[in-house]
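>>> This is the structure alone, sequence omitted:
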């Protein structure tokens, strides 16, 4: 079917030229839908965008479609709900439950940070306030409408869509949209070809337009086993007599770490160091793996192994007790990019001791403390105070929920005919440009790098 003469508008309201704040508006003369509704994180100039007036007309928005439950894809939802959005939020069932956990945690951190800033007097705002609170999240969740993979959903006369497995995190999806004779594929975040916990991403055969992430568009993941990398770091820290602090994302990464550590322990490949999981969000997500057994590739036995020999810390007042126990230990705590959460408490206590190790296990966006640590910063600021980085900082390069350049080309190369246009988003400038050149040279597909705030008429 040929597209109608009236153009369809595609506008990037976030996630263009950056890996955060993903929001893509697809608009016809009569209707409009938003694919993802993420929070900006990292650099201050990006975070300030969260506080500006929403960059779309909320009364005219018919629906929101979520690819997955990471904060940079769902974290702005309570802002829209707070400002009057009451339409459907479409997602898979696991994505809805992951999003609930993520948003509640985000609201708590914002509320706690505001209270801490008001007590410490280090905020320029008087008083400091959260972007949204737990009540706002509670008003957002009833808007969710869930659907399974491969189920076509009609929104209105202009839009219908379908979720496909993206292999990224629990419940994550590629979104196919059909609109006035045009066929769109929104990749969301694509997993590796052989994910540790997920099934591989689904490769599609045909479309008119592809909107594709480019997070790791300029690099290849290490071919060293994450088991081998973790074994070396754990043993090294144990021999130093230190604490291994692992800032971790709550979704997938924490579960991968637990599975690997317990497997290594069962094999007696690492010393019997106690493991503490000090992230309520990570604990809750781990329990979702037991509930949604058809949405990942772990057996029931592997899920149970994942939670074996782990000390669960739900209440923040128990975090201090972890440090009161003597000897080497492993602490897994949120957040993964060290932007907030309980990992900050451990870093305040442990960062200035060289026998300790900080292990980074995921993407570190520019402007985050995690990125500063990765880049070799001499000090970082936490709760208004500066702390010297004397602990050893390491990074595991083989653990990622994102496809690398080779995986992205493998996924995109499955289309039988060249799309009319490939748009690259969700990547820093260098990563997007490197991937653009590869697509142009190897696949011969027309490709452009999406610009923030720019409207494309299709």
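Yep, that arrived. This structure is a prediction, so every number in the text was calculated from the model and none was measured. Numbers count the residues shown, from 1 in each chain.
>>> Now do the lowest-mean-pLDDT helix or strand in the chain: everything it contacts.
Lowest on mean pLDDT, DSSP states H and E among the helices and strands of the chain sits helix 300-306, with a mean of 83. Residues outside helix 300-306 that contact it (C-beta atoms under 8 Å, 6 or more residues apart in numbering) are 255, 258-259, 262-263, 266, 286, 289-290, 293, 298. In this view, the C-beta of every residue, glycine as well, is placed from N, C-alpha and C.
>>> Repeat that for stretch 87-96.
Applying C-beta under 8 Å, 6+ apart, the contact partners of stretch 87-96 are 37, 61-69, 74, 77, 99, 140-141, 143-149, 153, 155, 161, 163, 170-173, 288, 292, 295.
>>> Report the central residue of this structure.
residue 70 (3.8 Å; C-alpha atoms, centre = their mean).
>>> wait, doesn't that residue sit right on residue 169?
Yes: here residue 70 reaches residue 169: they are 6.9 Å apart, a contact under C-beta atoms under 8 Å.
>>> Need the residues touching each of the two.
189, 251.
>>> returning to what we had before: buried residues in the least confident helix or strand of the chain?
The neighbour-count check on helix 300-306 (16 or more other C-beta atoms under 10 Å) flags 303, 305-306 as buried.
>>> Contacts made by whichever helix or strand comes after it with the rest, please.
Later in the chain than helix 300-306, the nearest helix or strand by DSSP states H and E is strand 310-312. Residues outside strand 310-312 that contact it (C-beta under 8 Å, 6+ apart): 258, 262, 274-277, 283, 322.
>>> Okay, and which of those residues map to helices?
Residues of the contacts of strand 310-312 located in helices (DSSP state H): 258, 262, 283, 322.
>>> shaky segments in the stretch 1-150 of the chain?
Residues of the stretch 1-150 of the chain meeting the criterion pLDDT under 70: 1-5, 120-126.
>>> run the last query once more with 90
Low-confidence segments of the stretch 1-150 of the chain (pLDDT under 90): 1-6, 42-44, 105, 108-109, 112-129.
>>> residues making contact with the helix or strand residue 237 falls within?
Assigned by DSSP H and E, residue 237 belongs to helix 226-240. Residues outside helix 226-240 that contact it (C-beta under 8 Å, 6+ apart): 196, 222, 243-244, 256-257, 260-261, 263-264, 269-271, 273, 328, 330, 355-357, 359, 392, 394, 396-399.
>>> can you give me the strands for the stretch 301-450 of the chain?
310-312, 329-333, 357-360, 379-382, 385-388, 392-395, 421-425, 447-449 (DSSP state E, counting those that start in this stretch).
>>> Residue 408: which of these is closest?
Closest of the strands of the stretch 301-450 of the chain to residue 408 is strand 421-425, at 9.4 Å (criterion: C-beta to C-beta).
>>> Which elements pack onto that closest one?
On a contact count with 3 or more C-beta pairs under 8 Å, 6 or more residues apart in numbering; DSSP states H and E, strand 421-425 meets strand 9-14, strand 209-213, helix 429-438, strand 447-449.
>>> Fine by me, we can end here.
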